[in-house]
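> Dropping a prediction and its sequence here:
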Amino acid sequence: MSDPAKPCWDRETLLVAWLAAFVSAFSFLFYLRHGDLLLYGDAVAHINIARRVFDSRTPGLLQLGTVWLPLPHLLMIPFLLSDGMWQSGVGGSIPSMAAYVFGVVGIFRLVRSAPGSGRDANVAVRIAAWIAALTYAANPNLIYLQGTAMTEPLYLAWFIWAIVYFNEFVVDGKTRALPKCGLCLAGACLTRYDGWFLAAAIGVAVLLVGLKKAPGSREMRRALVKFSVLAAAAPVLWLAYNAIVYRNPLEFANGPYSARAIEQKTSPPGSPAHPGDGDPRVAASYFLKAAELNMAEGNWHKLWLALLLVGTGALLVAQRRLWPLLLLWTALPFYALSVSYSGVPIFLPPWWPFSLYNVRYGIELLPAFAVFGALAVYFGLGLLRQTMAKVSLVAAMIVFASFSYATVWRSQPISFREAYVNSRTRIPLEKELANTLREFPANSTFLMYLGDHVGALQRAGIPLRRVINEGNHRTWKQPFDAEGLWEKALANPEPYVDVVAAFAGDQVAEKVLRQNLIPIAVVHATGQPTCTVYLTHRGPR
């Protein structure tokens, strides 16, 4: 085994970190230069949720809302104080970039703890660790996502380090690693709901392992208590927040902005359910296919799946003491259940309905591909005796990874394509609307629903504190707040704002038809609802 006394951040680990930081910075600058940081509508939404905490008519932590978990937005806030970093999206990218670097280092450390004895075994462990780190770091889809405000890179970092510390607790007997694992699970649980499933899985495993040792160890009992408190704190706090503010602890799951509610609202009447709805087996196949497409194009992804299965099988046969690594598979059952029962569709180009939606979720199996692929090489090196055969195996893995990632770059990373395809109509509308809104005086105030096109205000550089929106009401007043600023402005915009922007079908459009307002501009974009801009009688002429 690699030396447990070896410093966690030795020269080799620092080299991995510096290489990851270089890749992160270079790719970020590339996508920034090409204007690709804000292609995802979700990235725009994340940035503006964070911005609303301090830039709003009603600022405060309640602007964080309920459906998306709060940690990514809280981490963005310091970088979004700058208007320039807000408008460009750079402020939302910084936490993702840092998480990418930590994720790469975590993968390296996880595999370097693989067992072995003797000089040759130690060399094999180091080779496998580098293969795993490079597989993770060089993935084109992750390289794009880490340059944006999307939450997947941040979650992956928490996920990887939770397993790093849990593995050290189980394999190396490091009791002090258990609270660190709990802290990482808390971070994961406050980033994505995947973390809740992960925390439950690791929690059960920790109790099964820890209770065997706890009766004779005070240190173990203390570590178990700390772990349990940390791992459970985030879900409990979020449920309590929803119960107190929204009068419903499951508001994020069954409220009007939940994934299930949005799917029901946007699906045409009589349309078929999304693939895998109510069928975990089909849902699992869609997620697994999405994971493959995040690794390679064409038939190359089948080889990645084969490596994943070989590495997993070899671990089960030859090194069962490394069973904590099996937790890298937890994304598969989580998404099988989410797609089946939570209204979370995944649409893939090769399969019906032949489109791109949530394909990026497949990136969450990347740590498993990286680690088990590297372990397949490690176990293969243990079976080979001739040096030339070992060199050939390592070279074959490097060539395979390089060619498969080359196929992704050649056809564009599928996560990038998903963002680009789904932004082709949204961005032109937001650009045109931004140009229209810029024409008003700098002190103008606006009424606008921000749920779909807050990017127009971001592009125009209009501070959100000048805009009355659906977040400007008292959320604890259910189901309606008659004294809320949003509700008052909807009922009678004139005393509150100068300009009203109403998208066909939204709450503003439904109310504004009853008002005697002055339409001055209509903004069109193919595939998007028409936006009509009105002046109130107090508005600028």
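Sure thing, it's come through.

> Every contact and neighbour count from this point should use C-alpha atoms.
Fine.

> what residues are up against Ser355?
Residues in contact with Ser355 (CA atoms under 8 Å, 6 or more residues apart in numbering) are 347-349.

> now it: how far from Gly278?
Remark: distance between Ser355 and Gly278 (CA to CA, to the nearest Å) = 20 Å.

> Equivalent analysis for Asn254, please.
17 Å.

> So which of those two has more stuff around it?
Counted by other CA atoms under 10 Å, Asn254 and Gly278 do not tie: Gly278 has more neighbours, with 18 against 15.

> Does that one belong to a helix, a strand or coil?
Secondary structure, DSSP: H, G, I helix; E, B strand; the rest coil: Gly278 is coil.

> And the strand or helix carrying Ser285, how far out from the chain middle?
Using DSSP states H and E, Ser285 maps to helix 280-293. Distance, stretch centre to chain centre, for helix 280-293: 18 Å (CA atoms, centre = their mean, to the nearest Å).

> Now do it: which elements does it pack against?
helix 300-318, helix 331-341 (3 or more CA pairs under 8 Å, 6 or more residues apart in numbering; DSSP states H and E).

> Tell me which of the ones you listed sits most buried.
helix 331-341 (a mean of 21; mean count of other CA atoms under 10 Å).

> I'd like the mean pLDDT over the following helix or strand past that one, please.
Under the assignment DSSP H and E, the closest C-terminal helix or strand after helix 331-341 is helix 366-383. Average pLDDT, helix 366-383: 95.

> Flag every buried residue along helix 366-383.
Using 16 or more other CA atoms under 10 Å as the test for burial, helix 366-383 gives 366-381.

> so how far is that helix from its chain's centroid?
That offset, for helix 366-383, works out to 25 Å (CA atoms, centre = their mean).

> So what touches it?
In contact with helix 366-383 (CA under 8 Å, 6+ apart) are residues 107, 111, 121, 124-125, 127-129, 131-133, 135-136, 156, 160, 291, 295, 304-305, 307-312, 314-315, 328-329, 390, 393-394, 397.

> Now the element after that helix, going C-ward?
Following helix 366-383 in sequence, per DSSP H and E, is helix 387-411.

> Run the angle between that next one and helix 366-383 for me.
Taking axes from the mean of the first three to the mean of the last three CA atoms, to 10 degrees, one finds helix 387-411 and helix 366-383 inclined to each other by 160 degrees.

> got the buried residues for helix 387-411?
390, 393-394, 397, 401, 404-409.

> outside of the helix holding Ser285, which residues touch it?
By CA under 8 Å, 6+ apart, helix 280-293 touches 275-277, 301-302, 304-305, 332-333, 335-337, 339-340, 346-348, 359-366, 414.

> What number of residues are in the vicinity of Val344?
Residues lying near Val344 (other CA under 10 Å) number 23.

> show me the contacts for it.
Counting by CA under 8 Å, 6+ apart, Val344 has contacts 259-260, 338.

> List just the nearest of those to Pro529.
Distances from Pro529 to these, taken as CA to CA, are shortest for Ala259 (20.8 Å).

> Can you verify my assumption that the closest one contacts Pro345?
No. If you go by CA atoms under 8 Å, Ala259 and Pro345 don't touch, sitting 9.2 Å apart.

> The two: which is more packed in?
Neighbours per residue, other CA under 10 Å: of Ala259 and Pro345, the larger number sits with Pro345, 25 against 19.

> from what I can see that one touches His274, true?
Yes. Between Pro345 and His274 there is a contact under CA under 8 Å: 5.9 Å.

> follow-up on the earlier one: in a markdown table, list the buried residues of helix 387-411 along with pLDDT and distance to Tyr193.
Below are those laid out as a markdown table (pLDDT from 0 to 100; distance: CA to CA, whole Å):
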| residue | pLDDT | distance to Tyr193 |
| --- | --- | --- |
| Lys390 | 94 | 41 |
| Leu393 | 95 | 39 |
| Val394 | 95 | 37 |
| Met397 | 96 | 34 |
| Ala401 | 95 | 30 |
| Ser404 | 94 | 30 |
| Tyr405 | 96 | 29 |
| Ala406 | 95 | 32 |
| Thr407 | 93 | 31 |
| Val408 | 95 | 28 |
| Trp409 | 96 | 30 |
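
> Format those residues as a markdown table; extra columns: distance to Leu513.
Output for the buried residues of helix 387-411, formatted as a markdown table (distance: CA to CA, whole Å):
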| residue | distance to Leu513 |
| --- | --- |
| Lys390 | 74 |
| Leu393 | 70 |
| Val394 | 68 |
| Met397 | 64 |
| Ala401 | 58 |
| Ser404 | 55 |
| Tyr405 | 53 |
| Ala406 | 54 |
| Thr407 | 52 |
| Val408 | 49 |
| Trp409 | 49 |
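
> For Gly455, see how far away Ala45 is.
8 Å.

> which strands and helices sit next to the lengthiest helix in the chain?
Ranked by number of residues, the top helix in the chain under DSSP state H is helix 218-246. Applying 3+ CA pairs under 8 Å, 6+ apart, we find helix 218-246 packed against helix 177-189, helix 194-213, helix 251-254.

> Need the winner for burial among those helices.
helix 177-189 (a mean of 26).

> So which elements touch that one?
Using 3+ CA pairs under 8 Å, 6+ apart, helix 177-189 sits against helix 152-171, helix 194-213, helix 218-246.

> between those helices, which gets nearest to Arg320?
helix 152-171 (10.3 Å).

> Quick one: low-confidence residue ranges for the stretch 151-300 of the chain.
Within the stretch 151-300 of the chain, the segments meeting pLDDT under 70 span 213-216.

> tally of neighbours for the residue lying closest to Arg321 once chain neighbours are set aside?
In space, and not counting its chain neighbours, Arg321 is closest to Val171: 6.6 Å by CA to CA, 6 or more residues apart in numbering. Residues near Val171, counting by other CA under 10 Å, number 16.

> Pro324 versus Val171, what's the distance?
From Val171 to Pro324 the distance is 8 Å (CA to CA).

> circling back: from the contacts of Ser355, which would you call buried?
347-348.

> Tell me the one of the contacts of Ser355 nearest Ile427?
Phe347 (21.3 Å).
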